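Enquirer: Okay, here's the prediction I keep looking at, along with the sequence it came from:
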Amino acid sequence: MVEVAAEGFPAPVSSEGSRTRLYDGEQVDAYLLGKPVPALSESEDDGDLLDRRECAALIGVAPDSWKTYKNDPALTAARILAGGVEHWPRHAVEAFQAGRPGNATPKPGRPRNTGDQVPRDQVHGLVAELLDADPTISAATVTDRLGVHRNTGQDALTRLRADHIADLMVADPSLTPAEAATQLGYPAGQVRRATARAETVLHARHAAPYLADVAAALHRAGWTTTEAAPDVQFPGDDRVVAALVLDDDRAPAPALVWDERYGWRTAASRRHPITKGAARPSEGGGVRYLAGGITPPPGAVVAALTP
């Protein structure tokens, strides 16, 4: 049976032949709001997420060969699950390709195998200054100006642009992420990851008061020595995950993790409570899911942990 999409519904962005159809969030949002569906940029961006077919085409190998290449440690670390499908950022695939045997042609920018020339805690502020001066700045330009790794520059640009897009959407809730990015002067071809992350940033801001209340309740229960704010992360830029370390010796678990999809669970490690990947961690080995839905009252979280 051939599926027929509703008239005007955007085409999938997944590569031809993919089993799972993926769609651009902004195009779908615009369609559902009855607004004109924006065209996708034809230009390439460092942050583009590529599936296995697109990765294979980029480095000039057959799609089945990617099953071997993707096990390289650099590509394993860069892997992102989008819609349950493995993707890799364009910049990570290009860096892998540049480092393969036979690809030793010198390229402009930071020399290969050298560390960032700027201390990591200063990168965000310096990139913010460059972005304020030029909203169209690229990761390649950041690399040349600051002497940081291209991945470092791209990550800082994505985070900053996402925060600014979220700020503008708060000020004007009628804006879509793409419309906010346009108002800020960000090129459409450079902000696909940033617009997706902006919506996640908004989710995190909405959840912040609730997470703070749970942190306060855990402190009152005597399981944390300070009433510290949760460590909020955005794995893959598309979901909110927060960790609360229970650093008192009498605490019923080393840490708690909140995932906006699953709610609360215990964690077996204080150092690494948030696991990598989008898969839901299985129970056992110190992991236990707490009943009560996604946002149970703080007192219910404490009660669920009380021996």
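Expert: Arrived safely, thanks for sending.
Enquirer: State the next helix or strand along the chain beyond the helix or strand harbouring L168.
Expert: Assessed by DSSP states H and E, L168 sits inside helix 150-171. Toward the C-terminal end, the helix or strand that comes next after helix 150-171 (DSSP H and E) is helix 177-183.
Enquirer: Now that following helix: buried residues?
Expert: 177-182 (16 or more other C-beta atoms under 10 Å). For the C-beta atoms, the positions are set from N, CA and C on the backbone; glycine is no exception.
Enquirer: follow-up on the earlier one: and the helix holding L168, what does it pack onto?
Expert: helix 90-99, helix 120-133, helix 139-146, helix 177-183, helix 192-220 (3 or more C-beta pairs under 8 Å, 6 or more residues apart in numbering; DSSP states H and E).
Enquirer: Report the angle between that helix and helix 120-133.
Expert: Counting by axes from the mean of the first three to the mean of the last three C-alpha atoms, to 10 degrees, helix 150-171 lies at 60 degrees to helix 120-133.
Enquirer: pLDDT on helix 150-171, on average?
Expert: Helix 150-171 shows a mean pLDDT of 92.
Enquirer: pull the CA atoms of it into PDB?
Expert: Extracted C-alpha coordinates of helix 150-171, given in PDB (Å, rounded to 0.1, in the frame of the first residue of the first chain):
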ATOM      1  CA  ARG A 150      36.000  23.200  14.700                       C
ATOM      2  CA  ASN A 151      33.800  21.000  16.900                       C
ATOM      3  CA  THR A 152      34.400  23.300  19.800                       C
ATOM      4  CA  GLY A 153      33.400  26.400  17.800                       C
ATOM      5  CA  GLN A 154      30.300  24.700  16.300                       C
ATOM      6  CA  ASP A 155      29.100  23.600  19.700                       C
ATOM      7  CA  ALA A 156      29.500  27.000  21.100                       C
ATOM      8  CA  LEU A 157      27.700  28.600  18.200                       C
ATOM      9  CA  THR A 158      24.800  26.100  18.400                       C
ATOM     10  CA  ARG A 159      24.400  26.700  22.200                       C
ATOM     11  CA  LEU A 160      24.500  30.500  21.900                       C
ATOM     12  CA  ARG A 161      22.100  30.700  18.900                       C
ATOM     13  CA  ALA A 162      19.700  28.300  20.600                       C
ATOM     14  CA  ASP A 163      19.600  30.400  23.800                       C
ATOM     15  CA  HIS A 164      19.100  33.600  21.800                       C
ATOM     16  CA  ILE A 165      16.300  32.000  19.700                       C
ATOM     17  CA  ALA A 166      14.600  30.800  22.900                       C
ATOM     18  CA  ASP A 167      14.900  34.300  24.400                       C
ATOM     19  CA  LEU A 168      13.200  35.800  21.400                       C
ATOM     20  CA  MET A 169      10.400  33.200  21.400                       C
ATOM     21  CA  VAL A 170       9.700  34.000  25.100                       C
ATOM     22  CA  ALA A 171       9.400  37.700  24.200                       C
END
